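*Asks:* Got a sequence here, can you build the structure:
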Amino acid sequence: MSTNEQLNSGPNLLEKISPVLNQARLLSGDRVAQFEVVRSWFEEHPENLASDASDLALVCTLPYEERSLFTYPLVGNWIMEQMAKFTPESAHQQEVYVKLREQVAFGRFVNHHWDESIISLEEQHRRLDELNALMLKDFNGSLSIRKLMRKTIIQSADEVRKLPQNSDYTTDLGHGLIGPMDSFWFLTTWWFDQTIQEEHVEPLGVSIMVVDDQKPKEWYGRMVGAGFKDIPGQQGYFSDCESALEALRRGQYDVILTDLDLGAGKMDGIEFAKLAYEIQQAKGIPPRVSVFSWSKELLEEAERRIGRWGREQPILFHQADFNDKARFTGFNFRKQVANKLEDEARFG
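*Replies:* Next comes the predicted model:
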């Protein structure tokens with residue numbers, strides 16, 4: 001059956017989304033307004049709108065401007081329909097399942113086509129930290145969810161890959177559907193699967209200091225949720241370098257994470273990292289200093305001045321170019337710290 005025949009054979013995907021599709025067409029040229037209309041409509045319609053994978057592929061017949069607006073939300077709805085096959089067996093699984101669906105629902109609007117002023121990557125990764133922290137509380141209870149989600153997404157992607165190419169489509173199915181399908185893979189399995197395989201399921205047992213002028217408490221909470229130790233009576237987050245340095249001289253901090261831009265007239269993160277490194281050395285504590293930032297230019301400067309390329313013995317233990325705050329997660333940082341601890345144990 002050709003695409004035109006499908007369009008005339010009864011209610012299908014395009015007919016179901018026609019109300020919001022027509023609204024988006026009326027706003028052609030105003031991309032931000034189109035984003036808002038589409039997001040609002042899909043937030044009210046989380047249900048699957050395609051009867052099967054072939055029906056879902058009808059989105060590939062839309063012109064590029066419209067296809068880039070609708071493909072990820074539609075694929076997200078398709079994924080959530082497959083997720084509904086899972087029946088939680090415990091209170092923990094129910095809680096994880098709800099968070100997981102929320103993560104997928106949110107991820108419908110986070111992709112390279114959508115304007116970051118509408119949905120931020122930082123919020124996506126904050127939610128991912130929250131989800132992973134919950135899963136880590138009972139990783140055995142979370143395993144069955146992980147396995148089902150992995151199986152479900154693989155099966156859904158396979159259904160799409162098996163679809164025949166169609167000359168009526170304005171783009172190939174691989175570009176039109178498989179990329180969006182794959183984008184939900186890491187939302188469900190990427191970190192947790194790796195953590196189980198590497199047996200990094202226990203708290204790290206190391207304390208952390210976070211320096212950030214905007215959301216220090218929130219970032220610190222994300223680190224503790226990922227397994228860093230919160231020492232009772234010891235403050236772990238600071239909004240400026242001066243108070244952080246004073247606390248570092250008095251307290252016991254095993255890992256230090258600082259923003260690079262801490263506001264006009266304040267010590268920057270590069271100078272702080274240098275001083276923190278010296279304080280830790282003087283106290284006989286292995287210096288484990290890392291930075292993060294919104295600015296790619298500042299990260300490159302930190303890499304050049306105090307990172308792996310700037311010194312024979314770099315101050316930063318982690319490559320700064322990975323530490324874009326929009327994509328930064330406590331769990332990825334946990335992995336980097338665990339690797340650092342393993343290197344220290346092996347090589348001294």
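
*Asks:* Send me the lengthiest helix in the chain as PDB with only the CA atoms.
*Replies:* Selection of the longest helix in the chain by residue count, based on DSSP state H, yields helix 139-161. These are the backbone C-alpha positions of helix 139-161, laid out as PDB (Å, rounded to 0.1, in the frame of the first residue of the first chain):
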ATOM      1  CA  PHE A 139      19.900  -1.700  41.900                       C
ATOM      2  CA  ASN A 140      18.700  -5.400  42.100                       C
ATOM      3  CA  GLY A 141      15.100  -4.200  42.100                       C
ATOM      4  CA  SER A 142      15.800  -2.000  39.100                       C
ATOM      5  CA  LEU A 143      17.400  -4.700  37.000                       C
ATOM      6  CA  SER A 144      14.200  -6.100  35.700                       C
ATOM      7  CA  ILE A 145      13.000  -2.600  34.600                       C
ATOM      8  CA  ARG A 146      16.300  -2.000  32.900                       C
ATOM      9  CA  LYS A 147      16.200  -5.400  31.000                       C
ATOM     10  CA  LEU A 148      12.600  -4.800  29.900                       C
ATOM     11  CA  MET A 149      13.300  -1.300  28.700                       C
ATOM     12  CA  ARG A 150      16.400  -2.400  26.800                       C
ATOM     13  CA  LYS A 151      14.400  -5.300  25.200                       C
ATOM     14  CA  THR A 152      11.500  -3.000  24.400                       C
ATOM     15  CA  ILE A 153      13.600  -0.300  22.700                       C
ATOM     16  CA  ILE A 154      15.600  -2.800  20.700                       C
ATOM     17  CA  GLN A 155      12.300  -4.400  19.500                       C
ATOM     18  CA  SER A 156      10.800  -1.000  18.600                       C
ATOM     19  CA  ALA A 157      13.900   0.000  16.700                       C
ATOM     20  CA  ASP A 158      13.900  -3.300  14.900                       C
ATOM     21  CA  GLU A 159      10.300  -2.800  13.800                       C
ATOM     22  CA  VAL A 160      11.400   0.500  12.200                       C
ATOM     23  CA  ARG A 161      14.500  -0.900  10.600                       C
END
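
*Asks:* And it, how far out from the chain middle?
*Replies:* Between the mean C-alpha point of helix 139-161 and the mean C-alpha point of its chain there is a distance of 18 Å (Cα atoms, centre = their mean, to the nearest Å).

*Asks:* Then stretch 241-257?
*Replies:* Its chain's average C-alpha position is 28 Å from that of stretch 241-257, according to Cα atoms, centre = their mean.

*Asks:* tell me the mean pLDDT for that stretch?
*Replies:* The predicted model gives stretch 241-257 an average pLDDT of 96.

*Asks:* Tell me the buried residues in it?
*Replies:* Judged by neighbour count (16 or more other Cβ atoms under 10 Å), stretch 241-257 contains these buried residues: 241, 244, 245, 247, 248, 253, 254, 255, 256, 257. Yep, even glycine has a C-beta here, placed from its N, CA and C like the rest.

*Asks:* and if you look at stretch 61-74?
*Replies:* If you call a residue buried by 16+ other Cβ under 10 Å, then stretch 61-74 has these buried ones: 61, 62, 66, 67, 68, 69, 70, 71, 72, 73, 74.

*Asks:* In strands, which of the residues you listed fall?
*Replies:* Counting by DSSP state E, the buried residues of stretch 61-74 place none of their members in strands.

*Asks:* Out of the residues you listed, the closest to residue 108 would be?
*Replies:* Proximity of the buried residues of stretch 61-74 to residue 108 (Cβ to Cβ) peaks at residue 73, which lies at 4.3 Å.

*Asks:* residues in contact with that closest one?
*Replies:* Under the criterion of Cβ atoms under 8 Å, 6 or more residues apart in numbering, the contact partners of residue 73 comprise 38, 39, 42, 108, 109.

*Asks:* quick check, the last one in a helix?
*Replies:* Looking back up the chat, that one is residue 109. No: judged by DSSP: H, G, I helix; E, B strand; the rest coil, residue 109 forms no part of a helix; its state is coil.

*Asks:* where do the helices sit along the stretch 101-250 of the chain?
*Replies:* 121-137, 139-161, 173, 179-183, 185, 191-198, 216-225, 241-250 (DSSP state H, counting those that start in this stretch).

*Asks:* Next, format the ones you listed as CSV and append distance to residue 264.
*Replies:* Putting the helices of the stretch 101-250 of the chain into CSV (distance: least, Cβ to Cβ, whole Å) gives the following:
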stretch, distance to residue 264
helix 121-137, 22
helix 139-161, 44
helix 173, 51
helix 179-183, 38
helix 185, 42
helix 191-198, 36
helix 216-225, 18
helix 241-250, 13
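
*Asks:* Go through those and name the closest to residue 207.
*Replies:* Proximity to residue 207, assessed across those by Cβ to Cβ, is greatest for helix 216-225 (9.6 Å).

*Asks:* quick check: mean pLDDT across that closest one?
*Replies:* Throughout helix 216-225, pLDDT has a mean value of 96.

*Asks:* what do you get for stretch 149-165?
*Replies:* Over the span of stretch 149-165, the pLDDT mean works out to 79.

*Asks:* what separates it from the chain centre, distance-wise?
*Replies:* For stretch 149-165, the distance to the chain centre is 22 Å (Cα atoms, centre = their mean).

*Asks:* for that stretch, which positions count as buried?
*Replies:* Using 16+ other Cβ under 10 Å as the test for burial, stretch 149-165 gives 149, 152, 153, 156, 157, 159, 160, 163.

*Asks:* measure residue 295 to residue 329 for me?
*Replies:* Using Cβ to Cβ, to the nearest Å, residue 295 is found at 19 Å from residue 329.
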